[in-house]
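Visitor: When you get a sec, could you give me coordinates for this:
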Amino acid sequence: MPDWKGYLRERLSLPQMKGHWEERMISELADHLEDVYREALAGGASEEEARARAEEWLGEADVAAGELIRGEPAHRRAQANRWAEGREENLRGKGSRWVVAADVARDLRFALRALAKHPLFSGVAILVLALGIGASTSIFTLVDAIVLSPLPFESADRLVAVGHSSADLSFERAGQMAAAHFTYEEENRVFQDIGMYGEGLATVTGAGDPEAVPSLWITGGVLRALRTKPILGRSFIPEDEELESPSVALLGQGYWRTRFGADPGVIGRTLQVDGETVEIVGVMPSSLRSLGHDPDLILPLRFNRSTLFVGNFGYEAVARLRDGVRLDQAVADLDRMWPLAFEKFPGRAVMDAETKVDFAPGVRPLKSYLVGSVADLLWVLLGGVCVVLLIACANVANLFLVRAEGKGTEMAVRAAMGASRSRIGWEYLKETLLLGVLGGVGGLAIAYAGLEVLVAVGPAQLPRLEEVSLSPEALLFTLFISLSAGAFFGMIPVLRERGVSQMALALVLLVASGLMIRSFFALRNVDPGFHNPAEVQALRLYISGNDIPDPEDVARTHELIARRLAEIPGVTSVGLASFIPMDGRRNFNSLYADGGTTFENEMAPTRRHKWIGEDYLETLQIPLLTGRTLTWRDVGNRLPVALV
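Guide: The predicted structure is shown next:
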């Protein structure tokens, strides 16, 4: 049997290969030669012929050696280094302006080589930085999309929200009412357009299973103020808001795609909406979601103006300021028009002209109105994750300090040879900057995945969530914090002899961490007014008055649904209410006591309220201080009872 390994060692010269790679290659080639030799013997060849075939398979020894060398990792790295050195020399050949770029490229190449020699340290440092940078990028992206970016409407800075407030009653956002809206629409001197809208559910039947779809009821001025045009069909016209006109609807772009497969022939079709035949006249773009709602259906608001009165807040309003009009001028014009609403719509005097000062009209930029207090929360979160990033940098700095101690001899030699302090500092800094950039790349991946999950979950408290994406501004932010992080912990070894600064940094981080932990536990311990929320499931029901016109039948249907739900295994109780705690919805109106004050010269008490059914308090485990809860008997018999 031929000694193929000995044969290969005599024939091949592999001077550039390390010992273990040389032995591995020779073993693999020897196995191949042995296979060729045995196949030849099995085919009837003599030993000399079989050996000749094996040697023929090997080919030219120098060619084989070259192929082996080119496949060896050290050779590939050497080739890459030679290529990089060639590019650097080309840059230097372009003139003095490119010499700096060539030097930076060389230093980064050396830094990458140094990091590759310590893969465990590099991997841990990059992971820690990626987590901190990813969290910071995610929150900044939210801040940029929700707070900093303008709304996706034409001249969005001219858009304002119109509403009312009452300092006496602690109502900061009482919203809009129909009587005030029509007054402002007809009498204003400051708005190009003004519209009113309200959201809710509409039941769609007649094509498959019935479904309750999120809907938006609007006046035509909403779309005119936003300068939003349909992508298909037409928008609302004034006749659509008249009570006698045929019912029409616009589709949201998402609903058009999911329900109708983006069929352009949908215009002119009809739907059964709340038991009424409605014609589809247009499809609206997704930008309408930036108004704070994501409707599947957009329907015209219709009113009998002869029955309107000043009261019943419950809508929202948007307007577009005329060119050159300031917010204070718009407020002054609303103050002028507010008394006119009582004259134009006397109706049932829920509020009289003498008490109109209790409620005051006002305007604020639409973006500020939509974002609200979420902006403050996001800024706090951004500050918090930046502290987390500082902590991550401090941890990496500790790791780097340990590694820097091993480079002390090298730096001492450099200093002895005349290297300046700045040059020695750069030797540390170039590696940390590269670590920061690599951590930034990992952070971008983490941020992208996190934002995808956030958008999919879609918390209702975050407006404009559909606009959240990794924008160019977010990428620049990531680059900035990546380089800043690298520079931060890169300077630690240079300043490691200044213990005071390290203690100060550690103290700041410790205090900030303690405050964050304390705030976290304080938020977790806030009493929401109900108990065991993890055991409570919420669902929304909507029964159209067109389907069941009799209010008593509607109440009995709700009761039947509640009792059927209570029969499901695992369900302990079921309660119904017009809205649930902390969902952002509210009802408030003037309340009267029978036989009590008539409020001729003062405003009737206005309070928040909700309608509930049996077992509502029991289901949410809301304690009852005294008295009894409401029952379905109270509802069925229309008993005049209430809980305070």
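
Visitor: From now on I want contacts and neighbour counts done on CA atoms only, so please keep to that.
Guide: Noted.

Visitor: got the buried residues for stretch 284-293?
Guide: Of all the residues in stretch 284-293, those buried under the rule 16 or more other CA atoms under 10 Å are 284, 287-293.

Visitor: go on, stretch 120-131?
Guide: 122-123, 125-131.

Visitor: For the stretch 501-644 of the chain, which segments count as strands?
Guide: For the stretch 501-644 of the chain, the strands defined by DSSP state E, counting those that start in this stretch cover 588-590, 606-608.

Visitor: hmm, I was thinking of the stretch 201-350 of the chain
Guide: When secondary structure is read from DSSP E, counting those that start in this stretch, the stretch 201-350 of the chain shows strands at 211-218, 232-233, 248-252, 270-273, 276-284, 297-300, 316-321.

Visitor: Show me what the fifth one is packed against.
Guide: The contact analysis (3 or more CA pairs under 8 Å, 6 or more residues apart in numbering; DSSP states H and E) places strand 276-284 against strand 232-233, strand 248-252, helix 253-260, strand 270-273.

Visitor: please redo it, this time with the cut-off set to 10 Å
Guide: Packing contacts for strand 276-284, counted by 3 or more CA pairs under 10 Å, 6 or more residues apart in numbering; DSSP states H and E, involve strand 191-205, strand 232-233, strand 248-252, helix 253-260, strand 270-273, strand 297-300.

Visitor: what's the answer for the shortest one, then?
Guide: The criterion is 3+ CA pairs under 10 Å, 6+ apart, and the helices and strands that strand 232-233 contacts are strand 248-252, strand 276-284.

Visitor: average pLDDT across the shortest one?
Guide: With pLDDT averaged residue by residue, strand 248-252 scores 95.

Visitor: now it against helix 253-260, angle please.
Guide: 100 degrees (axes from the mean of the first three to the mean of the last three CA atoms, to 10 degrees).

Visitor: related to what we said a few turns ago, any chance of CSV for the helices and strands packed on strand 232-233, columns distance to Leu483?
Guide: What follows is the helices and strands packed on strand 232-233, written out as CSV (distance: least, CA to CA, whole Å):
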stretch, distance to Leu483
strand 248-252, 43
strand 276-284, 43
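
Visitor: okay, those strands, which one's buried deepest?
Guide: Mean neighbour counts were taken over these using mean count of other CA atoms under 10 Å, and the top value, a mean of 24, falls to strand 248-252.

Visitor: how far does it sit from the chain's center?
Guide: The chain centre lies 27 Å from the centre of strand 248-252; the measure is CA atoms, centre = their mean, to the nearest Å.

Visitor: Flag the shaky bits of the stretch 251-400 of the chain, pLDDT-wise.
Guide: 347-358 (pLDDT under 70).

Visitor: before we move on, back to that, what's the closest of the buried residues of stretch 120-131 to Asn188?
Guide: Leu131 (53.2 Å; CA to CA).

Visitor: From Tyr255, how far off is the closest one?
Guide: Counting by CA to CA, to the nearest Å, the gap from Leu131 to Tyr255 is 37 Å.

Visitor: For this structure, which element, helix or strand, carries the lowest mean pLDDT?
Guide: Across the helices and strands of the chain, mean confidence by mean pLDDT, DSSP states H and E is lowest for helix 61-71: a mean of 53.

Visitor: how close does Gly440 sit to Asp294?
Guide: In this view, Gly440 and Asp294 are 34 Å apart by CA to CA.

Visitor: and the top helix by length along the chain, what does it pack onto?
Guide: Counting by DSSP state H, the longest helix found in the chain is helix 421-457. Packing partners of helix 421-457 (3+ CA pairs under 10 Å, 6+ apart): helix 96-116, helix 119-142, helix 374-405, helix 408-416, helix 472-494.

Visitor: from those helices, which stretch is densest packed?
Guide: Of all these, helix 119-142 carries the top mean neighbour count, a mean of 23, counting by mean count of other CA under 10 Å.

Visitor: gap between the helix or strand following that one and the chain center?
Guide: Next helix or strand after helix 119-142 toward the C-terminus (DSSP states H and E): strand 159-166. Strand 159-166 sits 27 Å away from the centroid of its parent chain (CA atoms, centre = their mean).

Visitor: Same question for stretch 227-244.
Guide: Offset of stretch 227-244 from its chain centre (CA atoms, centre = their mean): 32 Å.
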